[in-house]
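Participant: Quick one: sequence and predicted model below, then my questions.
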Amino acid sequence: MQENVNKGNRSEKPLISVVIVNWNTREELARCLDSVSRHHPELEVRITVVDNASSDHSAGMIRDEFPQINLIANRDNRGFAAANNQAFARLDRESRFVLVLNPDIVFTRNTLQPLADFLQSRPDVHVVTPRILNADGSIQRGCRRRDPRPLMMLSSLLGLSRLFPKSKHFSGYTYGDIPEELTHEVEAASGSFLFFRREVLDVVGGFDERFFLYAEDLDWCLRARKKGFSIYYYPETSVVHQRAASSAQRPLARLWHMHYTAFLYIGKNRRQEYSLFIRAFLYLALGCRLALMALILPFQLVGEALFKAKEKEQNADIKD
């Protein structure tokens, strides 16, 4: 799995193939693409955008404002996994690195060069993710994850991980017990930003297309580790991520996919490891949570709408 590299050699420009799947996030996508070019002027970066039949003229924006980008415009929404696989099939064979990137990621610094340098100096590392931040500068805990286990899943479902954010027992899924400033190996990274050697894709293959949205990254990382590839969290550099910019447009569908893919992941990857009793208990917990969240969702949406209306009114008063 290892390859010979010249440590610290930056004379060769690494060819990075970036894959972005977009659905109705035209403004976020434009900011993302602009930030990539602005902060990485000396890197050879080739970007492919797969547009999943957006209705906000995202594809037209790409053609008009970013003609250098390879655009794949689908006639229907094929989902995150399938759309990424479309782009994977067309990647440059000479690519040294691949980046799976969400359209609502914003670069505030040169992030790709440090990640490429890290991989080139560490032949034992194959996949890496930076510190992924919220707009307020706090870390998005899901950027580094352990493979979900029953207690971890139950803690997340019951909200215990938020009550005990530093506990390995309750927050172990997102490595709450390990300081976010430390570089360390992880079991899974977020599909919002996956940076890896091209050879990993050649061996592991693309995402499982049964995962329309969510959990495809967990499944892919598990398959990568089973092939002997290592995954690292590297907090020396960072990006900003506006979470769920696409899926937030369809909150009920988002809620369904979050829970359905958890069912799917357990059935695919934990059928042999977990007893029938444990799987039945997790399925029941997921089903109850889905029903509860579906009941609460309308009240959340009304509350958010009222808050935004009030905020807009206050901003108008300030301008006046």
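Facilitator: Looks like it came in fine. Numbering: from 1, shown residues only.

Participant: Let me know the secondary structure of residue 117.
Facilitator: Secondary structure for residue 117, judged by DSSP: H, G, I helix; E, B strand; the rest coil, is helix.

Participant: That one - how many residues pack around it?
Facilitator: Residues near residue 117, counting by other CB atoms under 10 Å, number 18. The C-beta positions use only the backbone N, C-alpha and C, and glycine is treated the same way.

Participant: got it, and residue 151?
Facilitator: 13.

Participant: do you know how far it is from residue 24?
Facilitator: Look at residue 151 and residue 24: by CB to CB, to the nearest Å, they are 37 Å apart.

Participant: Where does the prediction get shaky in the stretch 101-250 of the chain?
Facilitator: Applying pLDDT under 70 to the stretch 101-250 of the chain picks out residues 157, 243-250.

Participant: which residue ranges form the helices in it?
Facilitator: 112-121, 150-158, 160-163, 168-171, 198-204, 216-226 (DSSP state H, counting those that start in this stretch).

Participant: quick one: buried residues of the fifth one?
Facilitator: Translated: helix 198-204. Within helix 198-204, the residues that qualify as buried are 198, 200-201, 204, counting by 16 or more other CB atoms under 10 Å.

Participant: how about those, which pair is most distant?
Facilitator: Pairwise distances across the buried residues of helix 198-204 (CB to CB) peak at 11.1 Å, for the pair 198 and 204.

Participant: And residue 117, how far from residue 22?
Facilitator: From residue 117 to residue 22 the distance is 29 Å (CB to CB).

Participant: Sorry, wrong one. I was asking about residue 54.
Facilitator: Noted for residue 54: a distance of 6 Å to residue 22, by CB to CB.

Participant: Neighbour count for those two, which is higher?
Facilitator: Of the pair residue 54 and residue 22, residue 22 is the one with more neighbours under other CB under 10 Å, namely 27 against 21.

Participant: who's in contact with that one?
Facilitator: 29, 49-52, 54, 58, 103, 246 (CB atoms under 8 Å, 6 or more residues apart in numbering).

Participant: partner residues bridging it?
Facilitator: With DSSP bridges as the criterion, residue 22 is bridged to residue 51.
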